[in-house]
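K.L.:
Build me a model from this:
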Amino acid sequence: MFSRVRLLAALVTVAFVPAALAEDVPGLKKGTPELKSATALAFGPDGVLFVADPQGSSIHAIGTGDSKAGDVKELKVAKIDDAIGGMLGTTAADVVINDMKVNPAS
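P.N.:
Numbers count the residues shown, from 1 in each chain. Alright, predicted model coming up:
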């Protein structure tokens, strides 16, 4: 229970940090996140994508740079697990989609 409270507190704290100030906030740094796992996803302000990494006991805030509204288009990808498996050199049976989010700003 305590670790969930700490995780929630960290997410709430990071969620209200503007992307431009992220480098000035203790614990946040610019770079390439080393994810051990990726589960829950959420978008915050300024197109920041939050990725929960339970195996790494961390939450990553990734600045996508995608914050402007665009044309809304429907996208259908039949058998997306097959497509992802093919790009990774495996099969759909080896692909697990934990979460998927669309940036509401764009």
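
K.L.:
for the chain, where's the lowest mean pLDDT among helices and strands?
P.N.:
Using mean pLDDT, DSSP states H and E, the weakest-scoring helix or strand in the chain turns out to be helix 2-15, at a mean of 47.

K.L.:
you'd agree Gly85 is in a helix?
P.N.:
Yes - the assignment for Gly85, made by DSSP: H, G, I helix; E, B strand; the rest coil, places it in a helix.

K.L.:
Now do the same contact list for it.
P.N.:
Thr91, Ala92, Ala93, Asp94, Val95 (Cβ atoms under 8 Å, 6 or more residues apart in numbering). (C-beta placed from N, C-alpha, C; glycine too.)

K.L.:
Out of those, give me the one that has the most neighbours.
P.N.:
Val95 (16 neighbours; other Cβ atoms under 10 Å).

K.L.:
how about the contacts of Gly85 in JSON lines, adding pLDDT?
P.N.:
Below are the contacts of Gly85 laid out as JSON lines (pLDDT from 0 to 100):
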{"residue": "Thr91", "pLDDT": "93"}
{"residue": "Ala92", "pLDDT": "92"}
{"residue": "Ala93", "pLDDT": "93"}
{"residue": "Asp94", "pLDDT": "91"}
{"residue": "Val95", "pLDDT": "88"}
